[in-house]
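> next come a sequence and a model predicted from it.
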Amino acid sequence: MAAFTQRMAPILTLWLAVCLSGALAVERANFKTCDQSAFCKRQRALNPGESPYRALLETMELTNSRLTLQLKNDKNKVRLLLELYRLQGNITRVKINELKPLKPRYEVPDVLIREPPTEPLSLLSQDENGVVLSLGAESQRVIVSALPFRLDIMEGRDVLLSLNSRGLLAFEHLRIRKDTQADRETEEANLEDEAMLDEKDEEGMWDETFKSFTDTKPNGPTAVGLDFSLPGVEHVYGIPEHADSLRLKTTDNGDPYRLYNLDVFQYELDNPMALYGSVPVMLAHNAQRTTGMFWLNAAETWVDISSNTAGKTVFGKMLDYVQGSSETPQTDVRWFSESGIIDVFIMLGPTPKDVFSQYASLTGTQAFPPLAALAYHQCRWNYNDQEDVQSVDAGFDEHDIPYDFIWLDIEHTDGKRYFTWDTNKFPTPKEMLQGLMDKKRKMVTIVDPHIKVDSSYKIHNEIKSQGFYTKNKDGGDYEGWCWPGSAGYPDFTREDMRAWWASMFAYDQYEGTMENLYTWNDMNEPSIFNGPEITMHKDSKHGEWEHRDLHNLYGFYVQKATAEGLIQRSGGVERPFVLARAFFAGSQRYGAVWTGDNAAEWSHLKISIPMCLSMGLVGIAFCGADVGGFFKSPSSELLVRWYQTGAYQPFFRAHAHMDTTRREPWLFGPENTALIREVVRQRYSLLPYWYQQFYHTYHTGHPVMRPLWVEYPQDPATYTLEDEFLIGRDLLVHPVTEEGATGVTAYLPGKEEVWFDIHTFQKHNGGQNLYIPVTMSSIPVFQRGGSIIPRKLRVRRSSSCMEHDPYTLYVALSHQRAAEGELYIDDGHTFNFEKREFIHRRLSFANNNLSSVNLAPAAHFSTLSTIERIVMVGATRPTKATLKTADGQMSQLEFDFDASMSVLTLRKPGMNAGTDWTVMLQ
């Protein structure tokens with residue numbers, strides 16, 4: 001061990017030197033291109049139109065819930081098994097596996113929330129060329145063509161989506177290496193045809209070297225790939241995480257988009273490189289329909305995108321139209337993964353929200369966070385000691401800036417031993433936590449999944465003694481180099497390991513903790529400083545499976561185990577809050593994510609918007625970016641603009657590298673402190689609306705922060721917008737992300753809509769590009785006419801301090817002089833809402849009456865909060881305003897009317913927020 005430590009010390013020193021220098025950018029040579037990935041290169045070498053696969057229709061079996069038939073590769077005679085399912089909710093599932101694999105191939109567990117329920121399939125017709133199946137709806141059907149194999153999903157005369165239409169299905173079968181005659185005889189015994197024996201091995205099939213790392217491949221080549229065609233589609237989205245545009249680009253002239261969870265130091269922008277997380281879900285959209293594809297594979301995956309309209313200018317498209325070009329736009333997508341099987345869910349919409357609900361039915365919805373988690377978080381690598389924490393905490397009070405969470409990075413531990421405290425710097429953690437609790441504030445500490453190899457460290461000893469570490473290819477405990485030095489990596493794919501990990505968050509195990517301490521899982525890709533591509537060797541072992549089979553699941557499992565630990569420590573009462581850097585499909589069930597190690601640059605501020613929008617489209621609603629940028633030091637202008645942007649993104653946390661100058665909000669002069677204070681207070685006043693949006697995403701899977709096209713799917717002007725976004729349906733935000741900006745142009749959608757500036761109440765019609773002059777205090781935000789948004793205007797030091805404060809209702813009238821909204825209230829932190837302990841009310845204005853009615857009569861909860869003010873925007877002056885309460889009592893309300901802005905303010909109506917009432921205007 002001493003020799004290993006000495007050998008690895010220079011690597012850690014070099015890595016720390018890189019990490020501590022904010023001036024360096026990503027070292028591209030550390031990460032593979034497609035040409036450096038043997039399976040990617042093989043897959044890309046395949047030529048369209050040369051599919052060797054045909055469907056053996058005589059093998060077809062159709063039961064009530066599924067169709068199966070065999071596919072035969074006419075070149076090597078290997079047979080595959082195709083399974084097709086019609087699932088509830090307008091979803092079609094297609095699985096392809098080897099008919100008789102030499103051993104089982106990996107199928108992703110734990111991501112689906114249940115085995116998806118099926119609906120009946122029925123045979124419409126069959127001949128020697130193919131079969132036609134009904135998907136329930138009379139006009140929706142699946143056509144399976146035999147030679148070459150192809151699958152089309154149609155509605156009426158329209159092809160919605162085709163599989164293998166370009167003939168790029170590729171399935172590398174398991175085989176025995178032909179090194180010895182004995183091996184050849186063994187394989188011959190398992191084959192019905194000699195053709196497979198004639199297949200030639202290519203470079204990289206049985207071992208592969210990248211830089212100084214050799215990946216042994218005892219299973220040989222195991223890649224799978226399939227192409228999909230989307231007629232009529234020009235816009236596709238999703239497959240995060242990439243620092244790239246919201247609308248995915250074509251990849252014909254470069255690398256495919258890569259999905260492989262990696263610790264990428266200060267990542268580059270506008271390219272398809274892999275980053276920390278992977279969600280293999282893509283949405284396709286046009287004015288008629290939205291569809292989705294979910295490629296359920298956790299191995300390294302690449303995605304190629306091509307389009308027959310790519311590169312055409314607007315003029316070129318107009319010329320096509322004038323000349324009567326009949327070419328239908330089409331996008332072709334090709335997925336390929338290093339191992340596993342093909343398991344794809346085709347979500348047929350037809351609306352964007354239908355696709356969100358369909359995906360949520362498969363992988364679940366965003367965990368409903370504690371309300372405080374939606375407030376402001378203050379973080380740094382690192383707050384030095386308890387005195388530093390107390391000083392920062394006092395600084396927020398002194399400067400009248402609210403916050404809810406203060407965070408501690410890796411330096412708070414005893415030598416990077418997680419679940420411990422540095423007793424010199426944090427001698428009395430409970431006393432520190434109690435001081436925060438007295439102010440109704442909270443803390444987050446980091447718990448990373450690399451465990452210091454140290455025989456005096458309890459956590460390491462228990463994991464080792466129970467055999468819970470991931471193994472190397474030779475069967476020993478896998479060790480890599482990370483922050484503690486030599487580290488082991490728990491095998492989070494094991495349920496018993498996850499249960500043990502969860503138990504370590506108990507208050508009697510994680511000493512010095514209290515109920516106001518929550519958790520941050522960083523480095524969970526996993527990050528390994530001396531590993532290939534800064535991660536784990538692919539030939540490491542998780543039981544019978546190689547790491548290559550499930551790499552992208554590792555971070556998912558870490559966050560899952562941690563969230564379960566926080567729930568268990570409270571006896572199942574309290575909702576957890578866990579932030580993780582690496583993620584996969586389904587990670588939304590366990591907490592929040594952020595965009596990783598960004599930089600204090602204007603371009604990184606801008607890219608945070610499409611990055612979080614992309615995550616929301618694939619179920620991960622709780623997303624944010626490090627405010628101010630993690631690396632480098634921002635100018636005061638950039639910092640203010642980042643606060644103004646971050647305050648309107650779901651996860652709102654400032655964070656900074658240890659090598660940057662301190663940047664608490666009051667360190668940039670009184671003027672900038674006031675600007676930051678104002679936008680943080682805006683966030684707190686809107687917490688009732690944010691909380692309501694997260695309640696809805698928990699139930700529906702609809703994103704909280706969403707692109708405009710989600711709400712205006714037939715408006716092509718919205719399809720590529722990525723510098724503005726909606727929060728829910730009713731708030732439109734256009735942050736200022738250009739240095740020295742004196743104005744921005746915002747697109748206000750909806751020709752029948754009206755939008756109101758939330759700061760000035762100025763009215764603007766929809767369906768226009770609006771130029772907005774800005775100053776440093778400006779963040780353009782608009783409320784949709786026809787909506788009612790609750791706010792709390794008495795901003796206090798933390799969200800919990802505002803629990804019983806009164807509401808102000810902002811009623812923005814539509815052209816039809818109507819509006820509606822909701823008010824949701826619960827205790828803000830427990831699972832009691834699942835026991836119907838909440839208030840959920842419909843607020844509506846029509847015919848000059850504003851009313852509150854109960855949306856959940858079976859629910860029961862009480863609140864001390866009242867309605868202290870009603871602000872009606874776009875209103876006319878009434879002669880009187882009368883309040884009618886649930887008991888029939890009538891009273892006259894005082895009001896003011898600003899004729900210049902058409903704003904009516906009803907003062908002190910005073911009714912309880914949880915009761916029925918009506919305000920009548922005359």
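Everything's here; your move.

> okay, now the unreliable bits of the stretch 301-450 of the chain?
310-326 (pLDDT under 70).

> in the stretch 51-200 of the chain, where is pLDDT below threshold?
Applying pLDDT under 70 to the stretch 51-200 of the chain flags the ranges 138, 180-198.

> quick one, helices of it?
181-190 (DSSP state H, counting those that start in this stretch).

> which residues in it form strands?
Here the stretch 51-200 of the chain has its strands, by DSSP state E, counting those that start in this stretch, at 53-62, 66-73, 79-87, 91-98, 122-127, 130-134, 140-145, 150-155, 158-163, 170-171.

> between these, which gets nearest to residue 29?
Nearest to residue 29, of all the strands of the stretch 51-200 of the chain, is strand 170-171, at 28.5 Å by CB to CB. The way it works is simple: take the backbone N, C-alpha and C, and place the C-beta from them, glycine included.

> just checking, residue 748 touches residue 756?
No: Residue 748 is beyond contact range of residue 756, at 10.4 Å (criterion: CB atoms under 8 Å).

> nearest to residue 553 among the strands of the stretch 51-200 of the chain would be which one?
Residue 553 lies closest, by CB to CB, to one member of those: strand 91-98, at 18.3 Å.

> CA atoms of that closest one as CSV?
Extracted in CSV, the C-alpha atoms of strand 91-98 (Å, rounded to 0.1, in the frame of the first residue of the first chain):
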residue,chain,number,x,y,z
ILE,A,91,-46.4,4.3,-25.4
THR,A,92,-44.9,1.6,-27.5
ARG,A,93,-42.0,-0.5,-26.2
VAL,A,94,-39.5,-2.3,-28.4
LYS,A,95,-36.9,-4.7,-27.0
ILE,A,96,-34.3,-6.6,-29.0
ASN,A,97,-32.0,-9.1,-27.5
GLU,A,98,-30.0,-12.2,-28.6
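
> SS state for residue 328?
Counting by DSSP: H, G, I helix; E, B strand; the rest coil, the backbone at residue 328 sits in coil.

> how's the chain carved up into domains?
The chain resolves into domains spanning 50-174+222-363, 447-567+578-588, 806-921 when parsed by the TED database.

> I'd like the ones you listed as JSON lines, with mean neighbour count and distance to residue 610 appended.
Shown next, in JSON lines, are the domains of the chain (neighbours: other CB atoms under 10 Å; distance: least, CB to CB, whole Å):
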{"stretch": "domain 50-174+222-363", "mean neighbour count": "19", "distance to residue 610": "4"}
{"stretch": "domain 447-567+578-588", "mean neighbour count": "21", "distance to residue 610": "17"}
{"stretch": "domain 806-921", "mean neighbour count": "17", "distance to residue 610": "27"}
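
> residue 773 is nearest to which of the ones you listed?
That would be domain 806-921 among the domains of the chain, by CB to CB, at 17.7 Å.

> show the end-to-end separation of the closest one, please.
Distance across domain 806-921, first residue to last, is 22 Å (CA to CA, to the nearest Å).

> just to be sure, residue 808 is in a strand?
Yes: Residue 808: assigned to a strand according to three-state DSSP.

> so what's the residue count around the nearest residue to residue 422 once chain neighbours are set aside?
Closest residue in space to residue 422, ignoring its immediate chain neighbours: residue 414 at 5.3 Å, by CB to CB, 6 or more residues apart in numbering. Residue 414: 16 surrounding residues under other CB atoms under 10 Å.

> and for residue 574?
Residue 574 is flanked by 16 other residues according to other CB under 10 Å.

> can you tell me how far it is from residue 518?
Applying CB to CB, to the nearest Å, the value for residue 574 to residue 518 is 10 Å.

> overlap in contacts of those two?
Counting by CB atoms under 8 Å, 6 or more residues apart in numbering, the contacts common to residue 574 and residue 518 are residue 566.

> mind listing the strands for the stretch 201-350 of the chain?
Going by DSSP E, counting those that start in this stretch, the stretch 201-350 of the chain shows strands at 207-210, 213-216, 224-231, 235-238, 257-259, 281-285, 290-295, 301-307, 330-337, 342-347.

> could you redo these as CSV and give each row distance to residue 247?
Shown next, in CSV, are the strands of the stretch 201-350 of the chain (distance: least, CB to CB, whole Å):
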stretch, distance to residue 247
strand 207-210, 31
strand 213-216, 34
strand 224-231, 14
strand 235-238, 5
strand 257-259, 12
strand 281-285, 9
strand 290-295, 14
strand 301-307, 10
strand 330-337, 11
strand 342-347, 19
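
> can you tell which of those strands is closest to residue 486?
Using CB to CB, the nearest of the strands of the stretch 201-350 of the chain to residue 486 is strand 213-216, at 17.8 Å.
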